[in-house]
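J.: With the sequence up front, the predicted model follows.
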Amino acid sequence: MAYYFKNALSNVARNANFRICEEGKESILALPDWGRPFDPEKNGRLVPNWVQQEDRLPLRDSLSISMRMMVVTRKVVDIIETFEPGVHEFLPLEIRDRAGHTFDVSYFIVNPQQAFCALMINGLRPRDVKWKFSNVYGPMPAMCRIKRFRMAPLSRPRIAGRHLWRSEVIEPGEIFLSNELGDAIRNGADVDWTLEPREELDREWVASEQVQPFLDRQAAFPANLRTNILSE
C-alpha cells in the first residue's frame, strides 16, 4: 500500500515549534501548480527562507512547520534521491534558534515534482464528495474535497513506479509516498511522521469516471485557458 503523508502539527510534546518569517507567510503550499519547479516571479509569492524555533526541543530529521509542508535534513533528501534521482526540488530553509542564531544542520522544503490524480472517488458516498468551482480562469477550475478522506483508495496502475507525489484536483496538494520510500525514510532517519496506509485498487484511473465535474467546468473555459493537469 502507498502512504498518505498526514503531517500532524498537534504533536507538540515531541516536535519543536516554529514561527515562519513574515515574508514567507504565503508560501508554495498555497499554490495551485504543485508538481512544478517553484518560480517566485510567476507565482507572485515567496517560499519561506527561514523559520525560528520557539522552544528548546531537539531538532529531528523532519520538522513539523506547516500543514502539507515536508521539511527534512540532507539525510532524508538523500534517501528520496536514491528512489527518484533528480526528480524533486529541495528548497533550502534556514532554521534559527530562539536567540536568532542559525543551526549548523541544513534543512530543505521538499517540493515534489510529480502531481497527478490517482484517488478513486466514484465508489464513495455522494454526500462525502464535495466539488468547489472557480469563477475565474485559472489552472484549477474545480477541485474536490472528500469528507471521509481516508476511505478513498488509490489506483495502483496510476501510481506504479512513482514514489513521491502530490494529489491534483481531488484533495489537491496532499502528499503521498510509496510504501518503499516511506519505510526507507522511517527506518533510516529520525522522523515523527504519521504515514497513513492507503488502499490500492487494480483499476485504471479514468478522468470521466472520477472527475467529470472538473471536465465539465473546464469545458466552459476558452480553449487557450484550459489546464492540462490531467494529461499525465
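T.: Cool, the structure landed.
J.: ok now do the most far-flung residue of the chain relative to its centre, which residues does it touch?
T.: Distance to the chain centre peaks in the chain at residue 99, reaching 31.0 Å (criterion: CA atoms, centre = their mean). With contacts defined as CB atoms under 8 Å, 6 or more residues apart in numbering, residue 99 is in contact with no residue. In short, each C-beta sits where N, CA and C put it, glycine included.
J.: ok, residue 151 - contacts?
T.: The contact partners of residue 151, taken as CB under 8 Å, 6+ apart, are 124, 128.
J.: per-residue confidence at it?
T.: As predicted, residue 151 sits at a pLDDT of 90.
J.: try the one 3 residues further on
T.: Model confidence at residue 154, given as pLDDT, is 97.
J.: Then residue 9?
T.: As summarised for this prediction, residue 9 has a pLDDT of 48.
J.: how close does the residue farthest from the centre of the chain get to residue 56?
T.: Noted for residue 99: a distance of 11 Å to residue 56, by CB to CB, to the nearest Å.
J.: do the same with residue 50
T.: As judged by CB to CB, residue 50 and residue 56 stand 18 Å apart.
J.: Also residue 70?
T.: Counting by CB to CB, the separation of residue 70 from residue 56 is 24 Å.
J.: higher neighbour count, those two?
T.: It is residue 70, of residue 70 and residue 56, that has more neighbours when counted by other CB atoms under 10 Å, with 25 against 8.
J.: where does residue 78 fall, helix, sheet strand or coil?
T.: Secondary structure for residue 78, judged by DSSP: H, G, I helix; E, B strand; the rest coil, is helix.
J.: Determine the set of other helices and strands touching the lengthiest strand in the chain.
T.: Among the elements of type strand in the chain, defined by DSSP state E, the one spanning the most residues is strand 89-96. Other elements packing on strand 89-96 under the criterion 3 or more CB pairs under 8 Å, 6 or more residues apart in numbering; DSSP states H and E are strand 50-53, strand 107-111.
J.: Let's have these in JSON lines, adding mean neighbour count and mean pLDDT.
T.: Shown next, in JSON lines, are the helices and strands packed on strand 89-96 (neighbours: other CB atoms under 10 Å; pLDDT from 0 to 100):
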{"stretch": "strand 50-53", "mean neighbour count": "19", "mean pLDDT": "87"}
{"stretch": "strand 107-111", "mean neighbour count": "21", "mean pLDDT": "92"}
